Structures are given as structure tokens and as C-alpha cells.
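Asker: Quick one, structure for this:
(2 chains)
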Amino acid sequence: QKEVEQNSGPLSVPEGAIASLNCTYSDRVSQSFFWYRQYSGKSPELIMSIYSNGDKEDGRFTAQLNKASQYVSLLIRDSQPSDSATYLCAVRGGYQKVTFGTGTKLQVIP
Amino acid sequence: GAGVSQTPSNKVTEKGKYVELRCDPISGHTALYWYRQSLGQGPEFLIYFQGTGAADDSGLPNDRFFAVRPEGSVSTLKIQRTERGDSAVYLCASSLTSTEGYGYTFGSGTRLTVV
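Answerer: Numbers count the residues shown, from 1 in each chain, chains lettered A, B, ... in the order given. You can find the predicted model right below:
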């Protein structure tokens, strides 16, 4: 079992719709969870972090965490073509290092 | 500096050669991380430094890989006897501390190609 699992996609959504990206993790002691956006040929860029169960909103982005289910998600409202990228879920476990998933490719169709 | 700086941005080397990749973190960031990313994959952890010491080097794939951070700032990743399988983008990241809650800032990476 991979430590951090994501559906590789691509996930295609029309412009203006809500994009929902999901991630599961295996390490129950994990405490910090991150979403990074990576444009093709570029480095990952941190867009959201979440540490407590529930929702955290930042502009058009909402991160959701459920530690009991070991599940974290990212919602992008009013999706724009500029949101088209690969979204990486990352988890900081008990040994401080951050483990990344393989990423979900999002395509927003104009 | 304003961001994490990595040099060179591209490196092509012959199989069996030695390479050094440099990372200059954001000023004041005590934690520094090396990852490598292959096409279609997420970043794979290699090593992290807290200050000058390697706090976790469990991701280094074998003894051909070594990293140093002698003064707690700039770090160098060294790869001996390079193999074609070492070809990847090597990413460096830094954060204010290594404790809970701090996300990374990544550099632009070094694309290593072993021919």
C-alpha cells in the first residue's frame, strides 16, 4: 500500500464547475496535510495546508480532512482554465518528512 | 535570498561520472529537503537537514548519493558513478522549521540527464 494515494486522472471539469480532488494516506500518526499545485515543467507550489479535522477555506479553495477515515480532499470552486495543473497531496508523518502522492491531473475545459 | 535557488538548472552527464547539485535555501530557513521527481510521479524524498545535520537520510537510494550542508545554509547533493536511472528532476525545498504545520517552498529544480 502506498503511503499517499491519489487518482492520477485526468479529471476534466468545465469552466465554472467545482473540481474535487481526493487523497488517502496510510500513516495514522500523520498530523499535517498539504496540497501543492504543479504546472507542467514547473516546481510544486504550496496552495493549502490543513491540520485539524473539518474544512479550511482560502478563496476558491477548500481543504477537507477526516483523520478517522485517513482522507483529505481539495475542492476548487468556480474552476478556471488557469487551474489546469497536477495537484499533489502531501502528508507529514511521524518522522517529519513529507511524503507526496503521485498527483491528480486536472483539466478545466473552457 | 527571495526564494530557493538551485544550480545548475540543467545538467547532462555521462554514465559513470560524478555530479554535484547545489541548493541555496531561503534566508533563515533552518530545514532543507532534497527530493527527486521522475516524469509522471510525485516528488520522492531523499534527505532532510535541520541545521547542519542530516536529520533523516532514509530516502537516499544507495551509497552513491550523499548530501552535505556544512554551514547550515547552502546544501550540495553529490552523486557518484551516475547511472541512467538517476535521470530525474532534483528538487530542493526549505521551510522555517521542520515542525508540524510548515509547508515547503521548492526551488525550480535541477534536471539531471545521464546519457
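
Asker: Give me the secondary structure label for A:Ala90.
Answerer: Three-state assignment for A:Ala90 (DSSP: H, G, I helix; E, B strand; the rest coil): strand.

Asker: For it, list the residues it contacts.
Answerer: By CB atoms under 8 Å, 6 or more residues apart in numbering or on different chains, A:Ala90 lies in contact with A:Val4, A:Phe33, A:Phe34, A:Trp35, A:Tyr36, A:Val98, A:Thr99, A:Phe100, A:Gly101, B:Gly42, B:Gly103. Any C-beta I mention is one placed from the backbone N, CA and C, and that applies to glycine too.

Asker: How many neighbouring residues does the residue of chain B found nearest chain A have?
Answerer: Per CB to the nearest CB, B:Gly42 is where chain B lies closest to chain A, at 3.6 Å. The tally of other residues near B:Gly42 (other CB atoms under 10 Å in any protein chain shown) stands at 23.

Asker: circling back to that earlier point, which of the contacts of A:Ala90 ranks first by neighbour count?
Answerer: Neighbour-wise, the contacts of A:Ala90 (other CB under 10 Å) top out at A:Phe33, 28 neighbours.

Asker: wouldn't that residue be in contact with A:Ser52 here?
Answerer: No - A:Phe33 is beyond contact range of A:Ser52, at 9.8 Å (criterion: CB atoms under 8 Å).

Asker: Quickly list what's touching both of those two.
Answerer: With CB under 8 Å, 6+ apart as the test, A:Phe33 and A:Ser52 both reach A:Leu65.

Asker: roughly how far apart are B:Trp34 and B:Leu60?
Answerer: 9 Å (CB to CB, to the nearest Å).

Asker: Neighbour count for those two, which is higher?
Answerer: Between B:Trp34 and B:Leu60, B:Trp34 has the larger neighbour count (other CB under 10 Å), namely 27 against 17.

Asker: where does chain A come near chain B, residue by residue?
Answerer: Counting by CB under 8 Å from any CB of the partner chain, chain A comes close to chain B at A:4, A:8, A:31-32, A:34, A:36, A:42-46, A:49, A:51, A:88, A:90, A:92, A:95-103.

Asker: coming back round to it: ok, so of the contacts of A:Ala90, who is nearest B:Val12?
Answerer: For the contacts of A:Ala90, the closest approach to B:Val12 (CB to CB) belongs to B:Gly42, at 24.3 Å.

Asker: count of neighbours near the closest residue to A:Thr62 other than its chain neighbours?
Answerer: The shortest distance from A:Thr62 to any non-neighbouring residue, by CB to CB, 6 or more residues apart in numbering or on different chains, is to A:Leu75 (4.4 Å). Neighbour count for A:Leu75, taken as other CB under 10 Å: 16.

Asker: Wait, A:Leu75 touches A:Ala17, no?
Answerer: No - the criterion here is CB under 8 Å, and A:Leu75 misses it with A:Ala17 at 10.8 Å.

Asker: For chain B, what's its nearest residue on chain A.
Answerer: A:Phe100 (3.6 Å).

Asker: ranges for the strands of chain B?
Answerer: Using DSSP state E, the strands of chain B run over B:5-7, B:10-13, B:19-24, B:31-37, B:44-50, B:53-56, B:65-68, B:75-79, B:88-95, B:105-106, B:110-114.

Asker: mind putting these in CSV, distance to chain A included?
Answerer: Below are the strands of chain B laid out as CSV (distance: least, CB to the nearest CB, whole Å):
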stretch, distance to chain A
strand B:5-7, 9
strand B:10-13, 12
strand B:19-24, 12
strand B:31-37, 7
strand B:44-50, 5
strand B:53-56, 5
strand B:65-68, 14
strand B:75-79, 15
strand B:88-95, 6
strand B:105-106, 4
strand B:110-114, 9
